[in-house]
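Undergrad: sequence first, predicted coordinates after that:
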Amino acid sequence: MGGGKSKTVYQQSTKENPYDDAWIRDKFGQQDIQGLGFQNWMTQRQSQLGREQDFRDQLRRDVAGLQSGFAGAQANIANLQRQGTQLSSNFTGLSQSQQQQMKDLYNLANQAGTGVYGVQSPQGVTFTAPKTTGTGSLNRESLQTGSLNI
């Protein structure tokens, strides 16, 4: 028993398509081109939006820095106002003659060449002027240099 060979024959037939669908291909081909154009536009727009977002982020950081600087300046102003109020209250505690004396000393300290200056101390500002009368601490012992007496 040996098997016989069977031969398979393939028959190919070509059938004509009576329907003309070229216009469909043309229409969808145009839409594909438009779709690619839209896709390119979207890519460019997203890139622009990314740059705009970076710019917005930088502006936010700058505004935050300005706000913190402004808050610091407001704190300094409030501190100066408190100190001014304290100084005014300290000054109003003085008698009328003491107030006038402080005003005169302050005016002298602001004039050039008077020699009056203010020194900050825990009690406040102390005005001093150099002594210009007499020899002060200058005496005969301070005029000795080695064995030479003047």
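TA: Everything's here; your move.

Undergrad: after the helix ranked longest in the chain comes which helix or strand?
TA: When the chain is parsed with DSSP state H, its longest helix is helix 22-92. Counting by DSSP states H and E, the element after helix 22-92 in chain order, helix or strand, is helix 96-110.

Undergrad: got the CA positions of that following helix in PDB?
TA: As requested, the backbone C-alpha atoms of helix 96-110 are provided in PDB (Å, rounded to 0.1, in the frame of the first residue of the first chain):
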ATOM      1  CA  GLN A  96      11.700 121.400  79.500                       C
ATOM      2  CA  SER A  97      15.200 122.600  80.300                       C
ATOM      3  CA  GLN A  98      16.700 119.100  79.700                       C
ATOM      4  CA  GLN A  99      14.800 118.800  76.400                       C
ATOM      5  CA  GLN A 100      16.300 122.200  75.300                       C
ATOM      6  CA  GLN A 101      19.700 121.100  76.400                       C
ATOM      7  CA  MET A 102      19.500 117.900  74.400                       C
ATOM      8  CA  LYS A 103      18.300 119.800  71.300                       C
ATOM      9  CA  ASP A 104      21.200 122.300  71.700                       C
ATOM     10  CA  LEU A 105      23.700 119.500  72.000                       C
ATOM     11  CA  TYR A 106      22.200 117.600  69.100                       C
ATOM     12  CA  ASN A 107      22.400 120.700  66.900                       C
ATOM     13  CA  LEU A 108      26.000 121.300  68.100                       C
ATOM     14  CA  ALA A 109      26.900 117.700  67.200                       C
ATOM     15  CA  ASN A 110      25.600 118.200  63.700                       C
END
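
Undergrad: what's it packed up against?
TA: Other elements packing on helix 96-110 under the criterion 3 or more CB pairs under 8 Å, 6 or more residues apart in numbering; DSSP states H and E are strand 117-121, strand 124-128. Just so you know, the C-beta spots here come from the backbone N, C-alpha and C atoms, and that holds for glycine as well.
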